[in-house]
Structures are given as structure tokens and as C-alpha cells.
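Engineer: fold the following and give me the result.
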Amino acid sequence: MPETVLDLIHKAVAGDHHAFARLVDRYGGSVYRRVARQVSDRDDADDLVQDIFITAFTKLNQIRDHHKFAGWLHAIADNVVRMWHRRVYTQLRWEEMFEADHRSSESSDDATILHITL
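Structural biologist: Numbering: from 1, shown residues only. Just a heads-up that it's a prediction; the model follows:
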């Protein structure tokens, strides 16, 4: 008889890493597809899926309804991807501000040089 999700969760919580690996095998494809729809880069998607399953593993003992494991896992996926988007957006904004500041200081240096040479 195949192991149920409940069996695998109980075993994983008890420290059976092989049981958790079977959960990853069972749900990894659906989690990856969910992430890939939200992230264009495959490497980023792979990294995020790994982060999602690490988070799930660390919080596995907190799941309330084992019958809703897939939904719980997808909620973790959505949160991890949302936080990633927030981090990427913030990083891009900082880079844009730095580049704008750098460009304005270069143009003011050019203006100073032009003024001095005249």
C-alpha cells in the first residue's frame, strides 16, 4: 500500500529525511510550475523551489490540516516568490538611484570642467 501524505509528514517530522524527499518528489513538479509562472529565469525558479522546500521542512510540524498539504505548500511558495519579487524590486530601485546619482555627479563634474576651461 502506498504511503499517504499524512504518513510521509509524520515520518518527516520524526526526522525521516527520505520521507520528506518523497514529498518533494510528489509535489516538486507542481511547485516548480507555480513558481515558473511567476519568475522568468529558470535558475531563479530552481533556487526559489529549493527555498520553498527548505521553508516547508522547517515548518512541517506547524501544519494544522495534513489533508491540505498541497495548499499549505503552495501558500509557502506564493509567499517565498512574493518576498523574492520584493527583494529584487528593492535592489533594482537602489541600483537605479545609484546610477542616477553617479550620472548626475559625472555631468556636474563635466560642467565644472567646462566652466573652468572657459
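Engineer: in this structure, which spans are helices?
Structural biologist: 5-13, 17-36, 42-59, 69-117 (DSSP state H).
Engineer: just put these in a markdown table and tack on mean pLDDT and mean neighbour count.
Structural biologist: C-beta: built from backbone N, CA, C; applies to glycine. Converted to a markdown table, those look like this (pLDDT from 0 to 100; neighbours: other C-beta atoms under 10 Å):
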| stretch | mean pLDDT | mean neighbour count |
| --- | --- | --- |
| helix 5-13 | 94 | 17 |
| helix 17-36 | 97 | 16 |
| helix 42-59 | 96 | 16 |
| helix 69-117 | 76 | 12 |
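Engineer: how far away is His18 from Asp25?
Structural biologist: 10 Å (C-beta to C-beta, to the nearest Å).
Engineer: and for the residue nearest the centre of the chain, nearest residue in space, chain neighbours not counted?
Structural biologist: Taking C-alpha atoms, centre = their mean, the centroid of the chain lies closest to Leu48, which sits 3.7 Å from it. In space, and not counting its chain neighbours, Leu48 is closest to Val35: 5.1 Å by C-beta to C-beta, 6 or more residues apart in numbering.
Engineer: ok, now which ones touch the nearest residue to Tyr27 once chain neighbours are set aside?
Structural biologist: Excluding its sequence neighbours, the residue lying closest to Tyr27 (C-beta to C-beta, 6+ apart) is Leu73, at 5.8 Å. Leu73 makes contacts with 27, 31, 52, 56, as judged by C-beta atoms under 8 Å, 6 or more residues apart in numbering.
Engineer: so which of those residues is the closest to Arg82?
Structural biologist: Among those, Ile52 lies closest to Arg82 (C-beta to C-beta), at 11.7 Å.
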